[in-house]
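Visitor: Could you look at this predicted model? Sequence included:
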Amino acid sequence: MGTSLQAAKRNRQSKIFRSKNRAFKSTVKNAMKAFETETDSGKKEDSLKSMYSLLDKAGQTNLWHPRKAARNKSHLAKKLNALKAGKTPASA
């Protein structure tokens with residue numbers, strides 16, 4: 001920890017930001033797992049819509065790189081479309 005007041009404040013802020021970032025990352029990962037385990041295409045489509053907003057927020061706040069968020073959105077959409085078409089997601 002720094003000796004100046006600025007350094008002490010920055011240290012306090014970084015602890016707060018770190019905990020918020022970790023909580024949000026956990027939320028995104030849990031939502032992705034829930035999407036993966038869902039088998040009904042209707043429910044999966046609903047969870048995809050909520051995943052889009054989570055991934056957009058992760059990209060906008062630089063929690064993830066914006067292209068990583070876009071890439072994940074694309075992969076999830078491909079899996080949903082493969083499920084709708086009756087194919088296995090691995091072959092899509």
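Guide: Yep, that arrived.
Visitor: What is the longest helix seen in the chain packed up against?
Guide: Looking across the chain with DSSP state H, the single longest helix is helix 5-37. Helix 5-37 makes packing contacts with helix 41-60, helix 66-85 when contacts are defined by 3 or more Cβ pairs under 8 Å, 6 or more residues apart in numbering; DSSP states H and E. Backbone N, C-alpha and C define where each C-beta goes, glycine included.
Visitor: Could you give the separation of the first one from the chain centroid?
Guide: Here helix 41-60 shows a centroid-to-chain-centroid distance of 8 Å under the convention Cα atoms, centre = their mean, to the nearest Å.
Visitor: any idea how far residue 10 is from residue 85?
Guide: Between residue 85 and residue 10 the distance is 52 Å, computed by Cβ to Cβ, to the nearest Å.
Visitor: quick one: which of those two has more around it?
Guide: Shown here are residue 85 and residue 10; by other Cβ atoms under 10 Å, residue 10 has more neighbours (13 against 9).
Visitor: hang on, the earlier thing: the longest helix of the chain vs helix 41-60, what angle?
Guide: 160 degrees (axes from the mean of the first three to the mean of the last three Cα atoms, to 10 degrees).
Visitor: next one: helix 5-37 to chain centre, how far?
Guide: What separates the centre of helix 5-37 from the centre of its chain is 12 Å, taken as Cα atoms, centre = their mean.
Visitor: Could you do stretch 74-88 as well?
Guide: Distance of stretch 74-88 from the chain centroid (Cα atoms, centre = their mean) equals 18 Å.
Visitor: Report the residue spans of this protein with pLDDT below the cut-off.
Guide: Applying pLDDT under 70 to the chain picks out residues 1-2, 88-92.
Visitor: Before I go, just wanted to say thanks for your time.
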